[in-house]
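Visitor: this one's sequence-less:
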């Protein structure tokens with residue numbers, strides 16, 4: 001991954017964390033690495049734990065950010081979630097979400113969309 005993509009991803013994760021906090025969530029972990037990939041953000045909202053995959057783009061030439069989360073990625077995320085829950089000995093209700101961020105560099109704005117994924 002290029003340094004630019006890494007910085008863009010981190011910027012998007014920071015925006016997503018702020019977005020969630022403004023909606024009453026509490027970030028409890030981030031960038032949790034597993035053999036199946038990384039869990040970008042982990043938050044709680046009431047008695048539920050949220051696992052958030054953040055996708056950030058500066059244009060939609062290759063599709064909207066959320067399109068990058070395909071079936072293979074979803075399977076890997078679910079395996080990573082199981083590892084997190086086991087390692088932290090958590091037995092809470094959980095939900096997988098995607099936060100899609102489209103940045104407009106000229107206007108210095110971000111369009112943020114949030115999707116819940118059934119498991």
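Guide: Received the coordinates, thanks. Predicted, not measured: the structure shown is a model, and the values here were computed from it.

Visitor: Is the residue of the chain most remote from its centre in a helix, a strand, or coil?
Guide: In the chain, the greatest distance from the average C-alpha position (CA atoms, centre = their mean) is reached by residue 106, at 24.6 Å. Classification of residue 106 into helix, strand or coil gives coil, according to DSSP: H, G, I helix; E, B strand; the rest coil.

Visitor: where does the protein have low pLDDT?
Guide: Using pLDDT under 70 as the threshold, the predicted model of the chain has no low-confidence range.

Visitor: what residue is smack in the middle of it?
Guide: Taking CA atoms, centre = their mean, the centroid of the chain lies closest to residue 53, which sits 2.1 Å from it.

Visitor: Beta-bridge partners for the nearest residue to it once chain neighbours are set aside, please?
Guide: In space, not counting the residues next to it along the chain, residue 53 is nearest to residue 98; the distance is 5.0 Å by CB to CB, 6 or more residues apart in numbering. Every C-beta, even on glycine, is put in place using the N, C-alpha and C of the backbone. With beta bridges defined as DSSP bridges, residue 98 has these partners: residue 53, residue 115.

Visitor: any idea how far residue 86 is from residue 98?
Guide: In this structure, residue 98 lies at 23 Å from residue 86, with CB to CB, to the nearest Å as the measure.
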